[in-house]
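> no FASTA, just this:
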Ligand SMILES: CCCCCCCC(=O)CC(=O)SCCNC(=O)CCNC(=O)[C@H](O)C(C)(C)COP(=O)(O)OP(=O)(O)OC[C@H]1O[C@@H](n2cnc3c(N)ncnc32)[C@H](O)[C@@H]1OP(=O)(O)O
Ligand SMILES: NC(=O)C1=CN([C@@H]2O[C@H](COP(=O)(O)OP(=O)(O)OC[C@H]3O[C@@H](n4cnc5c(N)ncnc54)[C@H](O)[C@@H]3O)[C@@H](O)[C@H]2O)C=CC1
């Protein structure tokens, strides 16, 4: 786990050997401790270089080991020994130096980094703090403000930035290890006292209290209820106010309070869930590792509305040429200007040149005949989309793959009108498509493995987190979110207000509650979908009373808002009122209060006071319940896929892990009990009826989430 070599007769080269990221597992910690002892004790050795195998210095502690209490050699003692040693130790940083890996580098006397390396202390993103001296050494090295920024956000920095901040001593385009060896030979003669970071005097700005207060407020605003960033601030404050040894003690106490917290477990689960979702498998046996995706160079985007524009930008900024198609000159021109503006702003932010030469705009579908793929983003209208897919199969060459960005229509029905049903699938982007990280890739029953692999790999190339899911109305995300918004609407009928429901959800950790989010997205989006599925509009069965549709309870309140032209932020009012159309500051609207009161009177609903507990349980347990049904139906293969969709597409608070992980944390037995209770109270809401899978898991003793897969019938997979 750590290799030892004597080079140039007087240098010990210690290489961490724990692929793929040389994580500091207990075996690695043991290995380095032994090798450092040997190097420091060998009179032939005058200096030491530490590097990592496969051009990666170290990705930090082995996160998998955090599931159990930490055992084995202590990093803190090892790092103190390295720093206190009388021989210069040089960290040769290639690839990454993150978390414990960067703390190891901070304990060394010098740091040489490759120009492409990335460095940082991302522990906070795992619900922890850098507890191997990171919170004490980094502020001493680069000052309190910069250290606070890095430690509380977990941001990685480039080697160039690290050099500017003083985190490394030198950067190189050559092999960092070779450079470090040469550097070490020169360092032998130099005194080490000024190189021991723990002994440096802390550079303290004069207004220390104000600084800590401002950062605390910033953190509380950005990540409400999240513990780790606040603990990070306290640890850095200790560095600023206490001697090193006392600061280390405080760092360790704060880490102990985080280490076994539910937030840390949730955040670490998110880290692995994201990686698990990237490893998709189809029932045919095709998977991420054995199917070659097509190389995509030219794409067409049909429809330059809200979504088409973002999709065009996402493609062009990774070097894919785009032909965008619209129906009218005016719409094409508006779309063109928007896309160009978005690309230019994006390029400016990234310090690159906007790749405008990759864009082409047309009113003729014939122009897409030679592209590798088409992504359709026209109105959510099945007959329009079918017409378009028929035309596309006539226009495009036989090898062109066809994708739809529908938010919930049947992908297979679209495949069925083409001459190439196996080459059709869904690529469901989220709005705004050039910003949101999630991409649901929808596998129709006839979609080929290559079609799916190509969408997944293209998504990754565009910087998306891709999740492969099956084909059903709303797929995973929108199918589930309907149950959540339905509950929120029912709660309004029963006595809650939009601000009460949103307040409870925001307190839980959502950046925006369900009603504020609907106002932002536009209420007309859901209205159009409800009309399309016959829940409102002329297709409604006239025998259905207003609060019942298709045999179940239905809330017509959102439709009533749309009928009044209250479409959300864009019209200046929706569930809330805004200062102007397009305004963002939501204020409670007395007209909504009146509308709700009138509704309750008309349907003889006695309003009641609803607790935050009920608001959260009804909205979130029903969400997880539908997640269990999604798993049961084989629309998602594993709970991690659902959670990743909710984390990246719906703003589910990361420190809660996602709806399925949250249900697991609450306890499946409790979720089942509460759903039974609410279903008993509202028998006309089928989504409150506990799913079979939930009952089965509880009957099996509520296994941990990683084991649920064993209880899901994979032979029914629709992927
Ligand atoms: C009281 C107790 C006191 C304890 C004191 C200890 C305090 C500490 O020292 C705390 C820490 O370090 S916490 C760890 C901090 N490090 C990180 O957060 C880095 C996590 N890794 C990454 O960002 C990317 O993997 C990275 C950028 C490194 C590489 O990205 P890639 O996209 O190239 O590769 P991935 O697909 O992400 O990863 C490849 C495989 O490696 C696994 N992995 C990555 N980092 C790991 C890590 N740190 N520990 C364990 N496994 C890790 C990753 O899961 C993936 O595995 P497979 O999915 O099986 O292939
Ligand atoms: N808006 C959203 O938040 C999301 C929407 N979607 C889906 O993306 C699709 C597009 O939605 P939006 O961009 O919001 O709609 P939009 O109404 O903003 O834009 C649709 C555009 O398609 C154009 N169009 C219509 N027929 C066309 C044709 N035959 N050829 C070329 N262009 C044509 C229209 O002129 C319009 O500019 C829909 O299927 C929607 O369900 C998916 C995810 C999120």
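Perfect, thanks for sending it. Predicted model, so just to flag it, every value in this text is computed and none were measured. Numbers count the residues shown, from 1 in each chain. Ligands and ions are numbered 1, 2, ... in the order given.

> list the contacts of the residue nearest to the spatial centre of the chain.
Among the residues of the chain, the smallest C-alpha distance to the mean C-alpha position (Cα atoms, centre = their mean) belongs to residue 648, namely 4.1 Å. Going by Cβ atoms under 8 Å, 6 or more residues apart in numbering, residue 648 touches 430, 436-438, 465. Just so you know, the C-beta spots here come from the backbone N, C-alpha and C atoms, and that holds for glycine as well.

> tabulate the residues you listed (a markdown table), appending pLDDT.
Formatted as a markdown table, those follow (pLDDT from 0 to 100):
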| residue | pLDDT |
| --- | --- |
| 430 | 96 |
| 436 | 97 |
| 437 | 97 |
| 438 | 98 |
| 465 | 98 |
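
> those also near ligand 2: which ones?
Taking Cβ under 6 Å from any ligand atom, the overlap between the contacts of residue 648 and the neighbourhood of ligand 2 is residue 430.

> now the nearest residue to residue 34 once chain neighbours are set aside: how far from residue 78?
Excluding the flanking residues, the one nearest residue 34 by Cβ to Cβ, 6 or more residues apart in numbering is residue 2, at 7.5 Å. Residue 2 sits at a distance of 11 Å from residue 78 (criterion: Cβ to Cβ, to the nearest Å).

> identify the contacts common to those two.
Shared between the contact lists of residue 2 and residue 78 (criterion: Cβ under 8 Å, 6+ apart) are residues residue 32.

> for ligand 2, give me its nearest residue in this protein.
residue 305 (1.7 Å; Cβ to the nearest ligand atom).

> once you drop chain neighbours, what's closest to that residue?
Among residues not flanking residue 305 along the chain, residue 377 sits closest, at 6.7 Å (Cβ to Cβ, 6+ apart).

> contact partners for that neighbour?
Taking Cβ under 8 Å, 6+ apart, we find residue 377 in contact with 301-303, 305, 307-308, 311, 405.

> in strands, which of those residues fall?
In this view, the contacts of residue 377 that belong to strands under DSSP state E are 301-302.

> any idea which of the contacts of residue 377 has the most stuff around it?
Within these, residue 301 tops the neighbour count with 32 neighbours, counted by other Cβ atoms under 10 Å.

> so who does it touch?
Applying Cβ under 8 Å, 6+ apart, the residues contacting residue 301 are 308, 311-312, 315, 322-325, 374-375, 377.

> of these - the most surrounded one?
Counting neighbours by other Cβ under 10 Å, residue 312 comes out on top of the contacts of residue 301 with 32 neighbours.

> residues of the protein that sit close to ligand 2?
For the chain, the residues found near ligand 2 under the criterion Cβ under 6 Å from any ligand atom are 302-308, 325-327, 331, 377-380, 384, 388, 405-407, 429-431, 521, 525.

> please report phi then psi for residue 321.
Summarising the backbone geometry of residue 321 under the convention degrees, to the nearest 10, its torsions are phi -80, psi 140.

> any idea how far residue 287 is from whichever residue of the stretch 601-719 of the chain sits closest to ligand 1?
Nearest to ligand 1 in the stretch 601-719 of the chain, going by Cβ to the nearest ligand atom, is residue 640, at a distance of 11.3 Å. For residue 640, the distance to residue 287 equals 15 Å [Cβ to Cβ].

> compare these two (neighbour count), which wins?
When residue 640 and residue 287 are compared on other Cβ under 10 Å, the one with more neighbours turns out to be residue 640, at 27 against 15.

> list the contacts of the residue in the stretch 301-450 of the chain positioned nearest to ligand 1.
Ligand 1 sits closest to residue 437 of the stretch 301-450 of the chain, with a gap of 14.3 Å, by Cβ to the nearest ligand atom. The contact partners of residue 437, taken as Cβ under 8 Å, 6+ apart, are 463-465, 648.

> most neighbours among those residues, please name it.
Among the contacts of residue 437, the one with the most neighbours (other Cβ under 10 Å) is residue 648, at 25 neighbours.

> who are the packing partners of the strand or helix carrying residue 394?
Here residue 394, judged by DSSP states H and E, is contained in helix 382-395. Helix 382-395 sits against strand 373-376, strand 401-404, helix 411-416, with contacts defined as 3 or more Cβ pairs under 8 Å, 6 or more residues apart in numbering; DSSP states H and E.

> need the ones you listed in JSON lines (columns: mean pLDDT).
Converted to JSON lines, these look like this (pLDDT from 0 to 100):
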{"stretch": "strand 373-376", "mean pLDDT": "98"}
{"stretch": "strand 401-404", "mean pLDDT": "98"}
{"stretch": "helix 411-416", "mean pLDDT": "98"}
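
> distance to ligand 1 for the ones you listed - can I get that in a markdown table?
Formatted as a markdown table, the entries for the helices and strands packed on helix 382-395 read as follows, by distance: least, Cβ to the nearest ligand atom, whole Å:
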| stretch | distance to ligand 1 |
| --- | --- |
| strand 373-376 | 25 |
| strand 401-404 | 25 |
| helix 411-416 | 28 |
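
> got TSV for those, with distance to residue 216 too?
As requested, the helices and strands packed on helix 382-395 are exported to TSV (distance: least, Cβ to Cβ, whole Å):
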stretch	distance to residue 216
strand 373-376	44
strand 401-404	46
helix 411-416	48
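
> picking that back up, which strand or helix spans the residue lying closest to the residue of the stretch 601-719 of the chain closest to ligand 1 once chain neighbours are set aside?
Spatial nearest neighbour of residue 640, excluding adjacent residues (Cβ to Cβ, 6+ apart): residue 273 at 3.8 Å. Assigning secondary structure by DSSP H and E places residue 273 in helix 262-277.

> need the contact partners of that helix.
Where contact means Cβ under 8 Å, 6+ apart, the residues beyond helix 262-277 that reach it are 63, 66, 125-128, 226-228, 258, 465-467, 638, 640-641, 643-644, 647, 654-658, 661-662, 665, 705.

> just the ones in helices from those residues, please.
Secondary structure of the contacts of helix 262-277 is defined by DSSP state H; positions in helices are 227-228, 258, 640-641, 643-644, 647, 661-662, 665.
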